[in-house]
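Student: here is my input, please return the structure:
(chains A, B, C and D)
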2 protein chains.
Amino acid sequence: MQRSRLTIRDVARQAGVSHQTVSRVINGDALVTPETRARVEAAIAEMGYQPNAIARSLAAGRTHMLACLAPNLTDYTFARIIEGAEAACRQHGFLLISSSAPEEAAFAALINELVPSRRIEGLMVINPYIDQRTQHLPQNFPTVFIGGHPRAGHAVAAITLDDCGAARSAVHHLIELGHQRIAMITGPLVEDCTQDRITGYHTALQAAGLKASPALSVAGDWSASSAHQATLELMKLKQPPTAIFAQNDRMALGALRAARDLGLSVPGQLSVIGLDDMPLASYFDPPLTTMRQDMFAIGRTAAQLLVQAVEQPQAKQPQLRQPAELIIRQSTGKKPAKGGGSHTRKATRHSHSSR
Amino acid sequence: MQRSRLTIRDVARQAGVSHQTVSRVINGDALVTPETRARVEAAIAEMGYQPNAIARSLAAGRTHMLACLAPNLTDYTFARIIEGAEAACRQHGFLLISSSAPEEAAFAALINELVPSRRIEGLMVINPYIDQRTQHLPQNFPTVFIGGHPRAGHAVAAITLDDCGAARSAVHHLIELGHQRIAMITGPLVEDCTQDRITGYHTALQAAGLKASPALSVAGDWSASSAHQATLELMKLKQPPTAIFAQNDRMALGALRAARDLGLSVPGQLSVIGLDDMPLASYFDPPLTTMRQDMFAIGRTAAQLLVQAVEQPQAKQPQLRQPAELIIRQSTGKKPAKGGGSHTRKATRHSHSSR
DNA sequence: ATGAAAGCGCTAACAA
DNA sequence: TTGTTAGCGCTTTCAT
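Tutor: Below is the predicted model:
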C-alpha cells in the first residue's frame, strides 16, 4: 500500500496517452477505444495508481461524504441506525461522518463546521426536534430526518419508527390480557417520539373504551433509573396499575427491578411491556415482552433517501414510517384476579431468542 | 446559511487586498497589519464567507480527517470508544469517519478505499488482531491500535484496557470471598483481549496457590446466550464451580439467567462477576459485580495518540494500558458452605448507581 | 476518439 | 508587510 504519489499524468505517460484519457478511463467514460482503455488500465494496474479523492472532489465539486448527527453514539437505537446508514452509504459510494451532539450548541457548531465548508453533500439528523435543533439546519441543503416528523415549512425527507402504532400495539396487547389500569412511563416530553407514543397509548385505551388517568402517566428520561423511580411512585397510588407500558426497554428494565424491590411478581402481579427489543431484552428477568423495531433498516432507508436527495435535489421528499412488531416474552400476563395472584416466583425455564 | 459560493478572491476584492492576504488572515498568519486584518475580517463577516475545506485540503495536502474501524458500531464498548475518539478529534480540529467492518474482507476493502485515496490522514483500529486484519494495514501510515498489543514488526501506537490486570482483579475478588472452584467463560479465543484475560485469570489463581482446572474454562462468543449455554454445562460437572468469571457483562447476564433456570441463587449458591460495567449492569438481577473500564477515555487517548502520530510521524509510538476498577454489587458473595446455602431468593432492596 | 486548455479554491514560494 | 506567480490533481469545456 504505497503512498499514492502517482498522478494521472504519470499513468498517461506510461500508457502513451494524454492525462485526459486516463481520466476518462477512471470515470468509465464510454468514448474510449477498448484498446486505449486496456493500455491505460494496464498502466494503472502496473503502477498501482489510485486517484486522489480530494483532487477529484475539488474539480468535480462533489465530496461523496454525508454526515449523521445523533444525540450520542452509544444508545443502541442510534448506533444501529448509524450502522444501517453507514452500510447503505458505502453501497452508494459515499462515506459517512457520524458525530454526537448531546446539546443544541454542539449541534449548531457541527452543522456550521460541516456544511459551509462544503465537506459534506447531505445531512442526516437523528431526533431533529429535541431542543431547538431544527433552527440550526442549513437551508436548501439535502437533509433527512430520522425520528421526528417535519413541521410546516420543512420540506425534508423523514423516516421514523411508527411510534404511535408501536405504542398502540403495546397497549393493545395489555388490554387483550384484561388489564384496565395501564400505566405509562414516557421518555422526555420534548421529544417527538415520546409524544407519538403517548398518542398511541391514548388511542389504544380509547379504542377499548378505557379512560386514561393522568396519574398513570409518568415522565422518565429513557434511563432505567428514571423508570425505577417512576414505578415505585406508580405502585404507591391508591389504585396502582396492573400493567406498565414503558416507552423503551431500558425503562422497562427499571420497572422490572422496582417490581422486584416491592416484592411484586412479574407478570403475576404486574405486567411490563417495553419498546425497542434491545439485544439483551430476552435476558431480562423475566424476559421482556416488547415491540421490535428494525433500526438498521431505518438507518439504511434514511441513507438511501439522502443519497437520492443529493442526486436529485428537486425530487419529492417522502415521509416514511417503519412498523414495529410485537414480541411476546414473559413479562406480560393476564390481569391478576382482585386481591392479587400468586406471590411466588416460579423458576420456569425460559426460552430465549438468539439475538 | 447560504451556499458558500464566495471565494477568497471575492473577499479580497471587497477588502481591497490580494487574495493571498485573505488566505493569511484565515490561517492566522502573523505577518498581517492589524488594520489590514481588521478590514479583511470585516469583509469576511459582512459577506459571510467560509473557506472551502476541500480546496484547502488539496492545496495544503492535509485533509484533517481520521477514520476508526470497528467490528461493529453497536457494541457498547466500541460505541463508547468511538464517542471518546470523536470528541477528541473534534477538539483537535479533525473529523472522524467511523466504519464497521465485521469481517476481514470488508476491513481490507475499507482500508483500500480510505487510505490510497488520501482521504484520511490516520487510522484507528479497534481489535486489530481478530482474523488477519493487520496484514491489510497500510505501511508507513499513522495508525493506532485499540485493544490488541502490537506484535513484532508493528511499530504502531496502541492502547488497551489492562485486560490481564482486570481479569486478575476480578478473579482475586472471588478468591477473597473464599471461592476455590472458579470457572471462566471466555470470549472468542482468537481475540487478544480474551487471551489476556485468560492470563489474568491464571495469574490470580496461581498467586492464591489454586490450580486451574481446564474443565472450568469454557469459550463463549461475548453473547449472553453463549454464556447461558456454557453455564448450564459448567454446573453439570461432578464438581461444579462456586463462582464464575465471565469475560464480559453480557455473558455474565447469560450466566445469571442460567443460574436462575437451574434454581440456583446468586450469590447464595453461585457468584458471578463480569467485566465492562455496561450501563445496565446495575439493573441485572442481582446487580452485577464487575470491572469498570473507561472506554470513553480509551477512545479519547487513542485519538490523541493518532493526532500526534499524524503531526509528528517520527515520534515514538507509545503503548498504553488503561486500568480497570472493581465495582462490587450483589452478584458475588462468600463461597457457600459445603452442602449449599440458602436457596431462597430474598427480595432485598438494591441500590443502583445512576449510570 | 483523443488532446489541449482552463480552471475548481486554496496554499506556498517567491518577489517587491 | 503585501502582492504575484505557480501549482495541488483532477474534471470539464472545447477543439481536433
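Student: now do the phi/psi pair for the residue in the stretch 251-355 of chain A that DNA strand D sits nearest to.
Tutor: In the stretch 251-355 of chain A, the residue found nearest to DNA strand D is A:E311; the distance is 13.4 Å by C-beta to the nearest atom of the strand. All C-beta spots, glycine's among them, are computed from the backbone N, C-alpha and C. Backbone torsions of A:E311, given as degrees, to the nearest 10, read phi -70, psi -40.
Student: that one - how many residues pack around it?
Tutor: Neighbourhood size, A:E311 [other C-beta atoms under 10 Å in any protein chain shown]: 12.
Student: how much space separates it from A:P150?
Tutor: Using C-beta to C-beta, to the nearest Å, we find A:E311 at a distance of 21 Å from A:P150.
Student: what's the answer for A:Q317, then?
Tutor: For A:Q317, the distance to A:P150 under the criterion C-beta to C-beta works out to 8 Å.
Student: intersection of neighbour lists for the two?
Tutor: When C-beta atoms under 8 Å, 6 or more residues apart in numbering or on different chains defines a contact, the residues bordering A:Q317 and A:P150 alike are A:156, A:158.
Student: residue numbers of the stretch 151-300 of chain A in contact with chain B?
Tutor: Counting by C-beta under 8 Å from any C-beta of the partner chain, the positions of the stretch 151-300 of chain A adjacent to chain B are A:224-225, A:228, A:250, A:253-254, A:256-257, A:260-263, A:279-280, A:283, A:285.
Student: helices or strands up against the host helix or strand of A:V310?
Tutor: Using DSSP states H and E, A:V310 falls within helix A:295-311. Contacting helix A:295-311 under the criterion 3 or more C-beta pairs under 8 Å, 6 or more residues apart in numbering or on different chains; DSSP states H and E are the following elements: strand A:65-70, helix A:76-91, strand A:122-126, strand A:143-146, strand A:157-161, strand A:319-322.
Student: quick check: mean pLDDT of it?
Tutor: What helix A:295-311 shows for mean pLDDT is 97.
Student: cool, and stretch A:73-90?
Tutor: Taken as a whole, stretch A:73-90 has an average pLDDT of 97.
Student: over to stretch A:54-65?
Tutor: 95.
Student: how about it against DNA strand D, any contact?
Tutor: Yes - counting by C-beta under 7 Å from any atom of the strand, DNA strand D is contacted by stretch A:54-65 at A:55-56, A:58-60.
Student: with only the CA atoms kept, save that stretch in CSV.
Tutor: Taking only C-alpha atoms (Å, rounded to 0.1, in the frame of the first residue of the first chain), the coordinates of stretch A:54-65 have been written out as CSV:
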residue,chain,number,x,y,z
ILE,A,54,-9.6,15.3,-2.7
ALA,A,55,-8.5,16.5,-6.1
ARG,A,56,-11.5,14.8,-7.6
SER,A,57,-13.7,16.4,-5.1
LEU,A,58,-12.4,19.9,-5.8
ALA,A,59,-12.5,19.5,-9.6
ALA,A,60,-15.9,17.8,-9.7
GLY,A,61,-17.4,19.8,-6.8
ARG,A,62,-18.6,16.6,-5.2
THR,A,63,-17.2,15.1,-2.0
HIS,A,64,-19.3,12.0,-1.7
MET,A,65,-19.5,12.4,2.0
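Student: list the buried residues for that stretch?
Tutor: Judged by neighbour count (16 or more other C-beta atoms under 10 Å in any protein chain shown), stretch A:54-65 contains these buried residues: A:54-58, A:63-65.
Student: and if you look at stretch A:322-334?
Tutor: Within stretch A:322-334, the residues that qualify as buried by neighbour count (16+ other C-beta under 10 Å) are A:322, A:324, A:326-327, A:329-333.
Student: in helices, which of those residues appear?
Tutor: Among the buried residues of stretch A:322-334, the subset assigned to helices under DSSP state H is empty.
Student: tabulate these (a markdown table), appending distance to chain B and pLDDT.
Tutor: Written out in a markdown table, the entries for the buried residues of stretch A:322-334 read as follows (distance: C-beta to the nearest C-beta, whole Å; pLDDT from 0 to 100):
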| residue | distance to chain B | pLDDT |
| --- | --- | --- |
| A:Q322 | 18 | 95 |
| A:A324 | 18 | 97 |
| A:L326 | 22 | 98 |
| A:I327 | 16 | 98 |
| A:R329 | 12 | 98 |
| A:Q330 | 12 | 97 |
| A:S331 | 12 | 98 |
| A:T332 | 18 | 98 |
| A:G333 | 18 | 97 |
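Student: could you dump the residues you listed to a markdown table with distance to DNA strand C?
Tutor: Supplementary listing: these in a markdown table, determined by distance: C-beta to the nearest atom of the strand, whole Å:
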| residue | distance to DNA strand C |
| --- | --- |
| A:Q322 | 39 |
| A:A324 | 45 |
| A:L326 | 53 |
| A:I327 | 52 |
| A:R329 | 57 |
| A:Q330 | 61 |
| A:S331 | 58 |
| A:T332 | 59 |
| A:G333 | 65 |
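Student: for A:A246, state which of those residues is nearest.
Tutor: Proximity of the buried residues of stretch A:322-334 to A:A246 (C-beta to C-beta) peaks at A:S331, which lies at 9.9 Å.
Student: just to check, that closest one is in contact with A:V272?
Tutor: Yes - in this structure, A:S331 sits in contact with A:V272. The criterion is C-beta atoms under 8 Å, and the distance is 4.6 Å.
Student: show me where chain A has strands.
Tutor: A:65-70, A:95-100, A:122-126, A:143-146, A:157-161, A:182-186, A:217-219, A:243-246, A:271-273, A:290-292, A:319-322, A:325-327 (DSSP state E).
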